[in-house]
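Novice: Mind looking at a prediction? Sequence and model below.
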Amino acid sequence: MKNADFEGMVETSDEWIVQRTGIRQRHVAADDETTASLGEAAARAALGSAGMTPADIDLIILATSTPNNTFPATAVEIQNRLGMHHGFAFDMQAVCSGFVYAVATADLYIRGGLAKRVLVIGSETFSRILDWSDRSTCVLFGDGAGALVLEAEDGAGVITDRGVLAASLRSDGAHKDKLFVDGGPSTTGTVGHLRMEGREVFKHAVGMITDVIEATFGEAGITAQDLDWFVPHQANKRIIDASAKKLGIAEQKVVVTVDLHGNTSAASVPLALSVAVADGRIKKGDLVLLEAMGGGFTWGAVLLRW
Ligand code: ACO
């Protein structure tokens, strides 16, 4: 769906959307597509590039805020769609930070010995919770899914190891009213619609993002100059540019795909990763920083060697 497709639906323009957000288009799931079907497709693609089959996986973590049903977890539905009847699967709900939370969690399951190979998926159908008459939110979001596989491997405990090297996660519920969905099973008994005070979110975003990234750099003992790639949550080009500038990350190291798919919440980081891996930018051995911030507020960063 292109920006121009909103003209006639709400009072907006391609020029306003591009200037304020960098978004040029987003994808909307077809009637017969769901968070589970998009997640399954991404899972199969990730397994294909890892040279694995569902039989090799012992844990699926699905980051989503738009599950197929209130329960069971959509991760379990994807497990079944993959023909997997072993291991375990669960959903993780941290809105736009979901994928970063899920990668950090998968790493801990591996380090703790509960899993050897983890399929981490971010899948969302935000089109189903948008108020399509609210121009301040409906132009920003899109549907999509992405996935990666993490596998246990012995390392030396040094910065040249592959896999997750450092992570920092944060949340603060005092900011709930700035970005939330006005429904739910325990309150209204309905699904509800996304509500956001965009200016307020914007005001907090850059400070929170840079703070959690500096903590991650500190934990790993690196600086922005050591990074090969910065793969931020794809919400708004202005937030991405301002964060990279404040951190001293060179523009050519920043992966930006928000123009292609809008804000896909927990799917945005793996979608950006998949583009930069497919076009040859991110290569084996590269030092990659993932970052996200979203509803809650939740925010976090993961430093990994690809
Ligand atoms: N088209 C045209 N005009 C619009 C639209 C639209 N789609 N939406 C809002 N406007 C109007 C507003 O009504 C307002 O008009 P007014 O001045 O007459 O009141 C004017 O544009 C300016 O509105 P602001 O909200 O001040 O615009 P701002 O420059 O802050 O941009 C935006 C709005 C893009 C939402 C920005 O605040 C933003 O990106 N915030 C972060 C939100 C975000 O990315 N959230 C995603 C989830 S959280 C996360 O992932 C980080």
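Specialist: Cool, the structure landed.
Novice: okay, now R20: neighbour count?
Specialist: Other residues near R20 come to 16 when the count uses other C-beta atoms under 10 Å. The C-beta positions use only the backbone N, C-alpha and C, and glycine is treated the same way.
Novice: does the closest residue in space to it that isn't next to it in sequence sit in a helix or strand, and which one?
Specialist: Spatially, and ignoring its direct neighbours in sequence, R20 is nearest to R238 (7.2 Å; C-beta to C-beta, 6 or more residues apart in numbering). R238 is part of helix 237-247, with elements assigned from DSSP states H and E.
Novice: Please identify the buried residues of that helix?
Specialist: For helix 237-247, a neighbour-count test (16 or more other C-beta atoms under 10 Å) marks 237-244, 247 as buried.
Novice: which strands and helices sit next to that helix?
Specialist: Helix 237-247 sits against helix 14-21, helix 198-220, strand 229-232, helix 258-261, with contacts defined as 3 or more C-beta pairs under 8 Å, 6 or more residues apart in numbering; DSSP states H and E.
Novice: List the residues that contact the residue in the chain that the ligand sits nearest to.
Specialist: Residue nearest to the ligand within the chain: G198 (2.7 Å; C-beta to the nearest ligand atom). Counting by C-beta atoms under 8 Å, 6 or more residues apart in numbering, G198 touches 136-137, 140.
Novice: Who wins on neighbours among these?
Specialist: Using other C-beta under 10 Å as the neighbour criterion, L140 leads the contacts of G198 with 22 neighbours.
Novice: got the CA positions of the helix holding R238 in PDB?
Specialist: Output of helix 237-247 as PDB, limited to C-alpha atoms (Å, rounded to 0.1, in the frame of the first residue of the first chain):
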ATOM      1  CA  LYS A 237      13.700   7.700   9.700                       C
ATOM      2  CA  ARG A 238      14.000  10.900  11.800                       C
ATOM      3  CA  ILE A 239      14.300   8.800  15.100                       C
ATOM      4  CA  ILE A 240      16.900   6.500  13.400                       C
ATOM      5  CA  ASP A 241      19.000   9.400  12.000                       C
ATOM      6  CA  ALA A 242      18.900  11.300  15.300                       C
ATOM      7  CA  SER A 243      19.900   8.200  17.300                       C
ATOM      8  CA  ALA A 244      22.800   7.300  15.000                       C
ATOM      9  CA  LYS A 245      24.000  10.900  15.000                       C
ATOM     10  CA  LYS A 246      23.900  11.200  18.800                       C
ATOM     11  CA  LEU A 247      25.800   7.800  19.100                       C
END
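Novice: Need the pLDDT of G8.
Specialist: Per-residue confidence (pLDDT) for G8: 89.
Novice: Number of residues surrounding it?
Specialist: By other C-beta under 10 Å, neighbour count at G8 equals 8.
Novice: Keep the buried residues of helix 237-247, but drop any that are not near the ligand.
Specialist: Among the buried residues of helix 237-247, not one lies near the ligand by C-beta under 6 Å from any ligand atom.
Novice: closest to K116 among the contacts of G198?
Specialist: L140 (38.3 Å; C-beta to C-beta).
Novice: I figured that closest one was touching R20, is that so?
Specialist: No. Look at L140 against R20 with C-beta atoms under 8 Å: they stay out of range, at 9.3 Å.
Novice: shared neighbours of the two, which are they?
Specialist: Common neighbours of L140 and R20 (C-beta under 8 Å, 6+ apart) are N236.
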